[in-house]
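Engineer: return a 3D structure for these sequence lines:
(one chain, ligands or ions: 2)
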Amino acid sequence: MKATLNPYNPGAGVPPPELAGRDDLIEQARVAVIRAKTGRAAKSAIMLGLRGVGKTVMLNAVEAIAEEQGCQTALLEIDPDKPLAQQLAPQLQHTLHRLDRMKKAGADLQKAFASLRSFGAMFKASIGEIEFGLAGPAATGDLTIDLTELLLAIGEAAKKRETAIVLLIDEIQYVQKGDLSALIMAMHKVSQRQSPILLFGAGLPQLAKLAGDAKSYAERLFDYPPIGPLSDTGARQALAGPAEREGVKYASDALDFVLEQTGRYPFFLQVWGAHCWEAAAKSPITLADAKKASIAATAALDEGIFKVRLARLTERQRSYALAMAGFGPEPVHSSDVANQLGLSLSQAAPIRDELIKKGMAYSPERGLIGFTVPKFDDYMRRTCTPKPPGRRKGKSAG
Ligand SMILES: Nc1ncnc2c1ncn2[C@@H]1O[C@H](COP(=O)(O)OP(=O)(O)OP(=O)(O)O)[C@@H](O)[C@H]1O
Ligand SMILES: [Mg+2]
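Structural biologist: Numbering: from 1, shown residues only. Ligands and ions are numbered 1, 2, ... in the order given. Next up is the predicted model:
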């Protein structure tokens with residue numbers, strides 16, 4: 001069918017034609033934002049999920065809700081190579097400028113600007129000129145203390161203007177460990193004081209554990225809504241809804257087939273949808289069309305996503321990943337992977353950690369390891385030198 005009318009939108013962080021199956025999460029976010037804005041206690045949330053489940057899209061949706069409610073937002077995607085303070089400060093400066101535009105500058109706002117200025121200077125954050133601001137409390141160099149001071153000052157200014165600050169942090173698993181604990185401590189103080197600042201984060205699933213390690217009460221401080229494949233209804237809606245608006249239907253067996261092929265993962269639904277549209281000559285999209293589309297979609301993913309990721313791995317990381325893949329799509333015991341490779345646990349552990357650091361793998365709980373990209377196991381089994389799966393012991397690739 002006409003490429004110009006293809007409604008699907010596969011990509012990173014791009015808005016889907018239909019944000020399906022996330023109504024509850026969106027409602028929870030809306031409630032939290034409104035509560036914060038009206039001076040009530042509200043809980044921050046960190047959405048955890050694999051690659052391509054729609055975390056960035058959800059953060060963007062929360063940002064839109066917050067703006068709709070008249071809150072001030074600051075959205076950032078964490079760069080693993082930079083300290084948090086340097087990434088946060090410029091965003092907070094924008095936020096303060098927007099608060100500044102809401103009402104004539106007051107002493108509270110001046111205090112917040114002053115706090116930001118000393119924070120920026122202390123942590124070498126490049127923020128633009130801050131022309132005004134009283135001499136504020138000097139930063140101490142301890143990120144926990146300084147970030148707490150800064151957030152409380154900003155929160156105070158927001159409260160006076162009857163608004164809330166909504167921080168949106170994507171790829172939050174990349175925040176350096178010490179910084180993460182400082183962020184959690186600061187948010188803890190903020191919530192104790194009922195300051196109108198909310199944090200919505202999104203990251204890979206190992207984050208809950210990371211945060212837990214950072215500060216034990218982090219588990220109570222935040223909600224950690226898991227975000228995964230869509231429900232059956234959600235997936236059908238994500239696929240059929242956009243086509244229907246163009247007057248195109250799916251045969252029911254075609255829809256079933258795509259759901260099965262994609263595992264109901266949002267990114268895959270977009271990819272498959274786009275290829276179904278391409279493969280079909282007219283409505284309805286048939287099972288034969290969907291099967292043709294599936295071959296094209298798989299080839300496109302292999303070339304566009306998987307191959308690039310595989311190329312980023314060193315030889316020993318590749319062997320480790322291949323051994324993992326042998327066990328199938330679910331997370332596997334790292335001891336089994338080590339066995340499979342003929343390595344001891346302590347020999348295999350550094351390779352596993354490298355894969356985690358590269359964002360290729362995650363550990364859902366102690367001792368388990370899984371791929372962050374759904375279907376990557378399948379790709380490896382299809383394209384890399386096959387090794388028999390199972391718990392075979394003995395020497396294989398070292
Ligand atoms: N609820 C949804 N319904 C339909 N499509 C969705 C939904 N959520 C996300 N998508 C689509 O899935 C794709 C991936 O979304 P997004 O980039 O937000 O995922 P992500 O979890 O942030 O992935 P990554 O971990 O790689 O950053 C996009 O094409 C997006 O439009
Ligand atoms: Mg993302």
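Engineer: how about stretch 300-318: buried residues?
Structural biologist: Judged by neighbour count using 16 or more other Cβ atoms under 10 Å, the buried positions of stretch 300-318 are Leu301, Asp302, Ile305, Phe306, Arg309, Leu310, Leu313, Arg316, Gln317, Arg318. Every C-beta, even on glycine, is put in place using the N, C-alpha and C of the backbone.
Engineer: flag every residue of the stretch 51-200 of the chain that's near ligand 1.
Structural biologist: If contacts are counted using Cβ under 6 Å from any ligand atom, the residues of the stretch 51-200 of the chain sitting beside ligand 1 are Arg51, Gly52, Val53, Gly54, Lys55, Thr56, Val57.
Engineer: nearest to ligand 1 among those?
Structural biologist: Of all these, ligand 1 sits closest to Gly54, with 2.5 Å by Cβ to the nearest ligand atom.
Engineer: that closest one reaches Glu18, doesn't it?
Structural biologist: No: because the distance of 11.5 Å does not satisfy Cβ atoms under 8 Å, Gly54 is recorded as not touching Glu18.
Engineer: the two: which is more packed in?
Structural biologist: More neighbours sit around Gly54 than around the other of Gly54 and Glu18, counting by other Cβ atoms under 10 Å; the figures are 29 against 20.
Engineer: give me the neighbour count for the nearest residue to the more buried one once chain neighbours are set aside.
Structural biologist: Of all residues beyond its chain neighbours, the one nearest Gly54 is Pro266 (4.3 Å), with distances taken as Cβ to Cβ, 6 or more residues apart in numbering. By the other Cβ under 10 Å criterion, the neighbourhood of Pro266 contains 28 residues.
Engineer: how about the secondary structure of the closest residue to Asp146 other than its chain neighbours?
Structural biologist: In space, not counting the residues next to it along the chain, Asp146 is nearest to Ala139; the distance is 4.5 Å by Cβ to Cβ, 6+ apart. In the three-state summary, Ala139 is assigned as coil, counting by DSSP: H, G, I helix; E, B strand; the rest coil.
Engineer: residue contacts, Ala139?
Structural biologist: With contact taken as Cβ atoms under 8 Å, 6 or more residues apart in numbering, Ala139 is in contact with Ser115, Ser118, Phe119, Ala121, Met122, Phe123, Asp146, Glu149.
Engineer: tell me the contacts of the fifth one?
Structural biologist: For Met122, the set of contacting residues under the criterion of Cβ under 8 Å, 6+ apart consists of Ala85, Ala139, Thr140, Gly141, Asp146.
Engineer: of these, which is the nearest to ligand 2?
Structural biologist: Ranking the contacts of Met122 by separation from ligand 2, with Cβ to the ion as the measure, puts Ala85 on top at 22.6 Å.
Engineer: distance check, the closest residue to Ala280 other than its chain neighbours against Glu244.
Structural biologist: Among residues not flanking Ala280 along the chain, Asp289 sits closest, at 4.2 Å (Cβ to Cβ, 6+ apart). When distance is defined by Cβ to Cβ, to the nearest Å, Asp289 is 16 Å away from Glu244.
Engineer: and these two? which has more neighbours close in?
Structural biologist: Between Asp289 and Glu244, counted using other Cβ under 10 Å, the more crowded position is Asp289 (23 against 15).
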